[in-house]
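[1] Predicted model, plus sequence, below.
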There are 2 protein chains.
Amino acid sequence: MGLSFEREDDLTARASIRNAALALFAQRGSDRVTVRDIAADAGVSPALILHHFGSKDGLRAAVDEHAAQAFDAVFASLEGTDLVDALSGANPGSIAEAFARGFPPGSPLPAYLRRLFLTNDPAGSALFGRWYAATADMLAAMDRLGATTPSHDPVVRAAFFLVNDLALVLLRNQVATVIGADPLTPAGLTRWGAEVTSVYAEGAFRAPPKEG
Amino acid sequence: MGLSFEREDDLTARASIRNAALALFAQRGSDRVTVRDIAADAGVSPALILHHFGSKDGLRAAVDEHAAQAFDAVFASLEGTDLVDALSGANPGSIAEAFARGFPPGSPLPAYLRRLFLTNDPAGSALFGRWYAATADMLAAMDRLGATTPSHDPVVRAAFFLVNDLALVLLRNQVATVIGADPLTPAGLTRWGAEVTSVYAEGAFRAPPKEG
DNA sequence: CAGTATACTAAACGCTTGTTCAGTGCGCGG
DNA sequence: CCGCGCACTGAACAAGCGTTTAGTATACTG
């Protein structure tokens, strides 16, 4: 069928349970997913899930860890990009861009990330902290290269950029509805990125006219 | 119709059930809250909740509607602000600003909004649609006044501004951690708004230097 | 005053849930 | 062959859930 390198047939039962759980958790949240739901999707008996993962919460932890690894891989692709390359392009170091690049269109991982932030999961906070540090580093490097206008408050500026980027992942569905295109697909991302880059480069508001 | 002058003592049982549910739903999500939990917090019997709201889902709908009204009231305070006044100020029409102004520090409503958006609740989608329309209208009005630089893609620009603003509400806790101040308090908001306004007015990225 | 509607409760019901139990089939070392 | 371990299952269990039922107290109506 497609681009997925994983073939369901060859997966161990343990892996197919994990994958089914990941997809269902991302879509509905783990509270709205029963062990029996996961078992049905994975094609196994409910008891086997407990056999492999001990409990539903053990399965959740395993899925969390698995997802965190995938996110770290995407995150690493950001740190790897050459700054000069990034500067020649549009919005440098975009997380949304990395997501669109790293995850196939139907991947449950963006939605899973959203759940991670929603539940104030410590894993989500740790992820945010790492991403914030990377964003701040990148902005500082750009500062040194003279690629940015100076900021009075670099701490807030880094948070502002990061948060704007994450918002596109978190509000993906709502954005898709109003602009008519999924912003995490290449096409949608191009359109989104063009406008964002324009605002980041030139601003959007003019100074108010002097009173007269 | 204010919310601030409500006192727990003279609330009807119906209202106190609604309030208890709102707080618990915002904190844990409705799936992790039982009818018995709400009843205990509201000081009534579980059966009374069903008597007044028909079902747990009926209660959820009532809480949704109640919260949506509060949100729309806050949002209406944005539309009411004179455009010229807004232009002379900092970031015009900031939702985060309206939140800090309209909701007391301990209010569960920002957290409730987050759940509405991040769980794909239809009520959240409806809210987003209304807010998007208002944002687009405001930007169009500013365009007509010459207060903005022209955009090639006003649809995306409006979404960008709205989403950036909502991000501050959605990621409030994480932002508070990295910048060391709750961005939905007056102090934090001032600091945040200053940087945002600076980027929106002047941009942040310089054109890359020509190679040579 | 009786009659009725309303706010409210204690107790129970039926269902779904996560989990356990007692296996079954099977590959493998001896 | 036996015996052990492992992946796996169907059936059942106990707990917790939303909800129902059958009722009490209180206030209003005529």
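    Looks like it arrived, so ask away.

[2] so how far is DNA strand D from residue A:33?
    15 Å (CB to the nearest atom of the strand, to the nearest Å). Heads up, the C-betas are built off the backbone N, CA and C, glycines and all.

[3] what's the helix ranked longest in chain A packed up against?
    The helix that spans the most residues within chain A, counting by DSSP state H, is helix A:56-80. If you count contacts as 3 or more CB pairs under 8 Å, 6 or more residues apart in numbering or on different chains; DSSP states H and E, helix A:56-80 packs onto helix A:13-28, helix A:46-53, helix A:95-102, helix A:109-118, helix A:122-144.

[4] Now mean neighbour count too, for these, in JSON lines please.
    Formatted as JSON lines, these follow (neighbours: other CB atoms under 10 Å in any protein chain shown):
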{"stretch": "helix A:13-28", "mean neighbour count": "20"}
{"stretch": "helix A:46-53", "mean neighbour count": "16"}
{"stretch": "helix A:95-102", "mean neighbour count": "21"}
{"stretch": "helix A:109-118", "mean neighbour count": "21"}
{"stretch": "helix A:122-144", "mean neighbour count": "17"}
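
[5] Next, format those as a markdown table and append distance to chain B.
    Output for those, formatted as a markdown table (distance: least, CB to the nearest CB, whole Å):
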| stretch | distance to chain B |
| --- | --- |
| helix A:13-28 | 9 |
| helix A:46-53 | 20 |
| helix A:95-102 | 11 |
| helix A:109-118 | 4 |
| helix A:122-144 | 4 |
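
[6] Now mean pLDDT and distance to DNA strand C too, for those helices, in a markdown table please.
    Listed next are the helices and strands packed on helix A:56-80 as a markdown table, based on pLDDT from 0 to 100; distance: least, CB to the nearest atom of the strand, whole Å:
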| stretch | mean pLDDT | distance to DNA strand C |
| --- | --- | --- |
| helix A:13-28 | 97 | 11 |
| helix A:46-53 | 98 | 4 |
| helix A:95-102 | 87 | 29 |
| helix A:109-118 | 92 | 16 |
| helix A:122-144 | 89 | 20 |
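
[7] mind giving me JSON lines with these and columns for distance to residue B:28?
    Shown next, in JSON lines, are the helices and strands packed on helix A:56-80 (distance: least, CB to CB, whole Å):
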{"stretch": "helix A:13-28", "distance to residue B:28": "16"}
{"stretch": "helix A:46-53", "distance to residue B:28": "24"}
{"stretch": "helix A:95-102", "distance to residue B:28": "28"}
{"stretch": "helix A:109-118", "distance to residue B:28": "11"}
{"stretch": "helix A:122-144", "distance to residue B:28": "16"}
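
[8] Save those helices as CSV, and put in distance to DNA strand D too.
    Shown next, in CSV, are the helices and strands packed on helix A:56-80 (distance: least, CB to the nearest atom of the strand, whole Å):
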stretch, distance to DNA strand D
helix A:13-28, 3
helix A:46-53, 3
helix A:95-102, 29
helix A:109-118, 19
helix A:122-144, 23
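
[9] Looking at the ones you listed, spot the one closest to residue B:40.
    helix A:109-118 (24.9 Å; CB to CB).

[10] and the angle for that closest one with helix A:13-28?
    70 degrees (axes from the mean of the first three to the mean of the last three CA atoms, to 10 degrees).

[11] got the angle for helix A:109-118 vs helix A:122-144?
    100 degrees.

[12] Can you name the residues that contact the residue nearest to residue A:36 when sequence neighbours are not counted?
    Leaving aside its sequence neighbours, residue A:36 sits nearest to residue A:46 (CB to CB, 6 or more residues apart in numbering or on different chains; 5.1 Å). The contact partners of residue A:46, by CB atoms under 8 Å, 6 or more residues apart in numbering or on different chains, come to A:35, A:36, A:39.

[13] Out of the residues you listed, which is nearest to DNA strand C?
    residue A:35 (3.8 Å; CB to the nearest atom of the strand).

[14] Not counting residues beside it along the chain, what's closest to that closest one?
    In space, residue A:35 is closest to residue A:46, 5.0 Å off (CB to CB, 6+ apart).

[15] related to what we said a few turns ago, got JSON lines for the contacts of residue A:46, with pLDDT and neighbour count too?
    Formatted as JSON lines, the contacts of residue A:46 follow (pLDDT from 0 to 100; neighbours: other CB atoms under 10 Å in any protein chain shown):
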{"residue": "A:35", "pLDDT": "98", "neighbour count": "18"}
{"residue": "A:36", "pLDDT": "98", "neighbour count": "11"}
{"residue": "A:39", "pLDDT": "98", "neighbour count": "19"}
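
[16] out of these, which are inside helices?
    A:35, A:36, A:39.

[17] and DNA strand C, which of those residues reach it?
    A:35, A:36 (CB under 7 Å from any atom of the strand).

[18] Nearest to the spatial middle of chain A, which residue is it?
    residue A:110 (4.9 Å; CA atoms, centre = their mean).

[19] Contacts only, for that one.
    A:26, A:99, A:103, A:169, A:172, A:184.

[20] residue contacts, the closest residue to the third one other than its chain neighbours?
    In space, residue A:103 comes closest to residue A:109 once its chain neighbours are excluded; the distance is 5.2 Å by CB to CB, 6+ apart. Residue A:109 makes contacts with A:22, A:26, A:67, A:70, A:71, A:99, A:103, as judged by CB under 8 Å, 6+ apart.

[21] how far does stretch A:111-122 sit from the chain's center?
    10 Å (CA atoms, centre = their mean, to the nearest Å).

[22] And for it, what's in contact with it?
    A:22, A:25-27, A:29-30, A:64, A:67, A:71, A:123-124, A:127-128, A:166, A:169-170, A:172, B:29, B:114-115, B:118-119, B:170-171, B:173-174.
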